[in-house]
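Colleague: Predicted model follows, preceded by the sequence.
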Amino acid sequence: MLSAADAITAPSLSLGALAPLLVVFGAACIGVLVEAFGPRERRHAVQVAVALVGTVGGLVTTLLLVGERQVTAGGALAVDGASVFLMATIAGLGALSVLLFAERSLDPARSAFVAAAAVPAGSPRDRELLTAHRVQTEVYPLATFAIGGMMLFVAANDLLIMFVALEVLSLPLYLISGLARRRRLLSQEAAVKYFLLGSFASAFFLYGLALVYGATGSVRLADIRTASAAGGTDVLLVLGLGLLFVGLMFKASVAPFHAWTPDVYQGAPTPVTAFMAACTKVAAFGAILRLLYVAFGTSEWTWRPLVYGIAIVSMVVGAVLGLTQTDIKRMLAYSSIAHAGFLLTGVIGYGGGADGQGTGLGGTMFYLLAYGLTTLGAFAVVTLLRDGDGEATHLSKWAGLARRSPLTAAVMGLFLLALAGIPLTSGFTGKFAVFRPAIDDGAWPLVVVALLASAVAAFFYLRVLVLMYFSEPAADGPTVGVPGLPTTIVLAVTVTATVVLGVVPGAVLDLAEQAARFVG
Amino acid sequence: MDTVPADGLLAASWLLIALPLAGAAVLLLGGRRTDRWGHLLGTGTVVAAFVLGLLCTFALDGRQVDVDLFTFAATGSLDVQAGLLYDPLSAVFVLLITGVGALIHVYSIGYMAHDPRRRRFFAYLNLFIAAMLLLVLADNFVALYVGWEGVGLASYLLIAFWHERPSAATAAKKAFIMNRVGDVGLALAIFVMFAQLGTVTFEGVFGSVGVLAGGTVTAIGLLLLLGACGKSGQFPLQAWLPDAMEGPTPVSALIHAATMVTAGVYLIARSAPIYDQTPTARAVVLAVGAVTLMIGAIAGCAQDDIKKVLAYSTVSQIGYMFLAVGLGPAGYVAALAHLLTHGFFKAGLFLGAGSVMHAMNDSVDMRRYGGLASKMKVTFVTFGLGYLALIGFPFLSGFYSKDAIIEAAFDRGDGWGYVLGAVAILAAGLTAFYMTRLMLLTFGGRPRWEDGVHPHESPSVMTVPMIVLAVGSVLAGFLLVVAFPLEEWLAPVFGEPEGAEHVVAPLVVSVLVTLVMVLGAGTAWLFVGRREVPLTAPVRVSPVVRAARRALYADTVNESLFMRPGQWLTRALVFVDNRGVDGAVNGLAATLGGSSSRLGRAQTGFVRSYALSMLGGAVVVAGALLAVTAG
């Protein structure tokens, strides 16, 4: 007994390095306690405060780690430039999402979230609660847990931790997708779909993990790298990589694993959609980059053609399917799929630098930040347009918006131009940042396809612009809500970032380039 | 070219441009709030610029002063510094532009008093003054080009000032497009300079133009000439200038007579070091000048529109100036002297024409004038003095400046010299003919007024500038040629005057010119003054008159050579665009849309089919990975 106890040595824990995760998860736990013991009438305000303190605290403690480069918690957690940059991005975008969640002036019932999720949709009690000012405030601790999971996901240096993080971030997302106050059945359907398919994807990931462990005898990324360098053509290892990849692609909504995206984006409450589109994408790509560069960097010629092909499929599917969408949330979902393809272009630009230096890593991280901010802003604008049935998401409702509300139309126009990648917006800089390493690495045909896909995708962004500016407003058009302080902050931040990252991106680009280091 | 850095007052010479520019900005951006005092501000800035220009010129003292401003563009090997060159040549132009400009601003206060858009008119005028000053003060070709385009823009805006009249809109478009043709020449000239010499500053280009091959210099010279022809309404780009008279009369006086249209003369005079290297280009300048001189004079004889006569006269007089600059060093000063005197008397004539139109309910048809001498005494006297100055009546300003050009032409000494001199003398006779005809139709004879026209003298805000310009028309020639010779003032730019060997004695030339002038005026009296003037132009006339009425078919030539083929080309391209390009684009769009709907069917909404697609994807991924590793 004694000797066995001696054999287990406690892993060294760097509290400083763990601080961001501790703060965020701590805030989430406090949120649960508040839910249990806090008085109902003050719960919403307290929960928002706790969630904001948690996410902003996570952001601040992450920023304190700048320049840190270590592997801690027994090798399970990597604190390096890339993880700090991505964790900060997630925490920041997470804080903005929490602000969107907290908006209380747009919906007449004072929240986008349901009053009591357990009441069956359409029941008399549900109709009674539709106008009640109560809110299912569990949204906040759940979202905080998801944010913590995402931050852990991008820092995980170990496949098991990565899997745990994947589940920590996924489960709350499944739940909060189903909490829309209006069109509840659609929302619940989305949640169930997301849950079923997500579990399916997790199973792939887990199976891949098992195969990789079988092939290499380790779940540490560094050990896998060593083992794959020794026997890179092992069928088990290759299959394991494939399955891990499938799991991650699902989260990143890359075609052909994208099928859930439009349905879930459409059904989920719009603030949650914004959160998913911005933060989940960052987390998933953070994990993809770490897995491919750190664990399989030496066998890059194995995954390269695959990523190449999948990038093309994703860009084409996203761009082409986006053309015929009539719902703005679905359209943005396909835009998200196309953008996942563009991001993979950056992943291709792997120059072979083991620590990520001089590769597409920096550009991809910049793209994630830029895209996250822009898409968050775009969904925030979607929450503003309302008719009797909640948000007016059908494109026909956007006709002539510029005449009803020039400011809203201008802001949405900016985001759409950024998503299309028009110069002087962050979207252009981001595309440039991911295409350049790909070209440097000889993948110019991929970039040509990406540019063609951008051109196709530009059509559906510009169509909304044309609708807003050059169409007659419909007689029974939607009203444009006056956003409260939280949404106003979000819009101000995202508009500023979209313009600044487009006009003077130098500083942030340099920052991302300097941060682009993996610790092995 | 030895320049010295600016000091004292000259360092502030950028204010010359900034003042009217600020005026234009305030008037355009201020909107209706500035309606009440806008014209006063607009006039004030130009008067202030004139005073400043006067002070700067006194401070100049024969130097060539370089004023460094800021870096305009620094990209790679192209480094354009925005700077001004204040030398005797630009000083002359600054005084002409701001002086005549100020008078015309004052006149416009009265002329435009009842126009609801008077503020905008002054804004455009200020914009023009600023651009024109930049044009003549620039110390490099790029800044000159900015000014060049600026005056083009102002000219376009002002010709189309009454854009509700289709003729004005068309005339503005015509002016803009024909100017564009010339501007392309200027732009290409600048490109060639930069490509060959790596610099676009006057100092750099003129300093090193000698190293270039003869062909290149000739190309630069010809391209500059093309630019000059466009702006100055010279053959073959002369057709826009008469139409430009659709603009308000002060515009015709300021832009299309006194200042902007002389920019071509300025450009060639400024580029003298280039033309010194290329006799070919210089000969073309001569030819252009001589041809235009005759075209303008002939066309002017048969017009019934008072402003058109003056416009063709302008074309013809600028032809004199081109002829003179084409003669080389001997002619530069003569050209500039004529440019200045012409600025006075032609501006005065246009203002007088405006005054007459003002009295005749804006009618421009001279056949419905007549007998105005007694009704409008001030206009008659000032106009008459301008007329005498223009036809070269002895000891008025045109007499001195035109004679100098004709003398310079004879002084070439060869056979061409005699030909050019003869052409210039003949044109002087034609000038006397058409101007006398104009005077007789307008002021002489019996009234042929339309019903309801009650001529009256214009208010003093209009007549005072006319009087000032009339005094200038009388005295300018004497002052510039005899009293304070322009030759000496411009010596730092064009070199010390040489005591030229005259081939034909100046006195002989003067007597000859005066005789021809009297002959021309007498012929006009015979044809017009003695007879009853028909109210409509006679239809049965000789082919010569018909050709002159249509300005020697310039429009016809332009239309059949350029406009029609251009329209055919456009139609062909539109056809290709509609059928070919649009077809391809629409086809592609339809294909994409179709595949979008077809692919969209996979999005069934059923979890089972989504899961199947994921499974399929996973199989493909695994298979692909295995294939890559095995292969």
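Modeller: Arrived safely, thanks for sending. Numbers count the residues shown, from 1 in each chain, chains lettered A, B, ... in the order given.
Colleague: Give me the number of neighbouring residues for A:Ser199.
Modeller: A:Ser199 has 13 neighbours, counted by other C-beta atoms under 10 Å in any protein chain shown. For glycine as for every other residue, the C-beta is placed from the backbone atoms N, C-alpha and C.
Colleague: confidence score at it?
Modeller: Looking at A:Ser199, its pLDDT reads 95.
Colleague: Is the closest residue in space to B:Thr514 that isn't next to it in sequence in a helix, a strand, or coil?
Modeller: Excluding the flanking residues, the one nearest B:Thr514 by C-beta to C-beta, 6 or more residues apart in numbering or on different chains is B:Pro394, at 6.0 Å. Three-state call for B:Pro394 (DSSP: H, G, I helix; E, B strand; the rest coil): coil.
Colleague: Could you verify my assumption that B:Pro394 touches B:Ser510?
Modeller: Yes: using C-beta atoms under 8 Å, B:Pro394 is in contact with B:Ser510, at 7.5 Å.
Colleague: Tell me which of these two has more neighbours.
Modeller: Neighbour totals were compared for B:Pro394 and B:Ser510, and B:Ser510 leads with 18 against 14 (other C-beta under 10 Å).
Colleague: measure that one to B:Phe433 for me?
Modeller: 19 Å (C-beta to C-beta, to the nearest Å).
Colleague: in the strand or helix carrying A:Thr498, what counts as buried?
Modeller: A:Thr498 is part of helix A:485-503, with elements assigned from DSSP states H and E. By neighbour count with 16 or more other C-beta atoms under 10 Å in any protein chain shown, helix A:485-503 contains the buried residues A:Pro486, A:Thr487, A:Ile489, A:Val490, A:Leu491, A:Val493, A:Thr494, A:Val495, A:Ala497, A:Thr498, A:Leu501, A:Gly502.
Colleague: distance of the fifth one from A:Phe379?
Modeller: This means A:Leu491. 11 Å.
Colleague: and what of A:Gln188?
Modeller: As judged by C-beta to C-beta, A:Gln188 and A:Phe379 stand 20 Å apart.
Colleague: In terms of neighbours, single out the busier of the two.
Modeller: A:Phe379 (27 against 19).
Colleague: Wasn't that one part of a strand?
Modeller: No: under the criterion used here (three-state DSSP), A:Phe379 is helix, not part of a strand.
Colleague: ok, it - contacts?
Modeller: Counting by C-beta atoms under 8 Å, 6 or more residues apart in numbering or on different chains, A:Phe379 touches A:Leu100, A:Thr270, A:Pro271, A:Thr273, A:Ala274, A:Ala277, A:Lys329, A:Leu332.
Colleague: ok, back up a step: read off the pLDDT value for the residue nearest to B:Thr514.
Modeller: The predicted local confidence for B:Pro394 is 88.
Colleague: so how far is chain A from it?
Modeller: Counting by C-beta to the nearest C-beta, to the nearest Å, the gap from B:Pro394 to chain A is 67 Å.
Colleague: List the beta-bridge partners for the closest residue to B:Val364 other than its chain neighbours.
Modeller: Leaving aside its chain neighbours, B:Val364 sits nearest to B:Asp305 (4.7 Å; criterion: C-beta to C-beta, 6+ apart). Judged by DSSP bridges, the bridge partners of B:Asp305 are B:Asp365.
Colleague: B:Asp305: what's it in contact with?
Modeller: Per C-beta under 8 Å, 6+ apart, neighbours of B:Asp305: B:Met245, B:Val364, B:Asp365, B:Met366.
Colleague: Look up how far chain A lies from the last one.
Modeller: Separation of B:Met366 from chain A (C-beta to the nearest C-beta) stands at 51 Å.
Colleague: before we move on, what about the third one?
Modeller: Counting by C-beta to the nearest C-beta, the gap from B:Asp365 to chain A is 47 Å.
Colleague: neighbours around that residue, how many?
Modeller: So B:Asp365, with other C-beta under 10 Å, has 16 neighbours.
Colleague: can you check A:Leu395 too?
Modeller: Around A:Leu395 there are 18 residues (other C-beta under 10 Å).
Colleague: thinking it is in contact with A:Lys329, fair?
Modeller: No: proximity of A:Leu395 to A:Lys329 does not meet the contact threshold set by C-beta under 8 Å, at 10.4 Å.
Colleague: chain center to the helix holding A:Thr498, what's the gap?
Modeller: 18 Å (C-alpha atoms, centre = their mean, to the nearest Å).
Colleague: Let's have the contacts of B:Asp305 in CSV, adding pLDDT.
Modeller: Formatted as CSV, the contacts of B:Asp305 follow (pLDDT from 0 to 100):
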residue, pLDDT
B:Met245, 88
B:Val364, 85
B:Asp365, 86
B:Met366, 86
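Colleague: that older thread, farthest-apart pair in the buried residues of helix A:485-503, please.
Modeller: Longest distance between any two of the buried residues of helix A:485-503 is 24.7 Å, between A:Pro486 and A:Gly502; criterion C-beta to C-beta.
Colleague: And the helices in the stretch 201-350 of chain B?
Modeller: B:202-208, B:214-232, B:240-243, B:249-253, B:263-270, B:272-275, B:279-300, B:306-326, B:329-359 (DSSP state H, counting those that start in this stretch).
Colleague: for the stretch 301-450 of chain A, same thing?
Modeller: With helices called from DSSP H, counting those that start in this stretch, the stretch 301-450 of chain A shows them at A:328-348, A:361-382, A:401-404, A:406-420, A:426-440, A:444-470.
Colleague: Turn these into a markdown table, including mean pLDDT.
Modeller: Formatted as a markdown table, the helices of the stretch 301-450 of chain A follow (pLDDT from 0 to 100):
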| stretch | mean pLDDT |
| --- | --- |
| helix A:328-348 | 94 |
| helix A:361-382 | 95 |
| helix A:401-404 | 90 |
| helix A:406-420 | 95 |
| helix A:426-440 | 91 |
| helix A:444-470 | 93 |
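Colleague: Next, format the ones you listed as CSV and append distance to B:Ile295.
Modeller: Below are the helices of the stretch 301-450 of chain A laid out as CSV (distance: least, C-beta to C-beta, whole Å):
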stretch, distance to B:Ile295
helix A:328-348, 63
helix A:361-382, 63
helix A:401-404, 54
helix A:406-420, 54
helix A:426-440, 54
helix A:444-470, 49
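Colleague: any low-confidence regions in the chain?
Modeller: Unless you meant another one, I'm taking chain A. A:1-8, A:231-233, A:351-358, A:520 (pLDDT under 70).
Colleague: please go with chain B instead
Modeller: Short version for chain B, where the test is pLDDT under 70: B:1-2, B:75-76, B:497-500, B:631.
Colleague: Chain A contacts on that one?
Modeller: B:589, B:592-593, B:595-597, B:599-600, B:602-603, B:605, B:607, B:609-611, B:613-614, B:616-618, B:620-622, B:624-626, B:628-630 (C-beta under 8 Å from any C-beta of the partner chain).
Colleague: Please produce a PyMOL select command covering the buried subset of the residues you listed.
Modeller: Selecting only the buried entries of these in PyMOL, with 16+ other C-beta under 10 Å as the criterion:
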select buried, chain B and resi 592+596+600+603+607+610+611+613+614+617+618+620+621+622+624+625+626+628+629
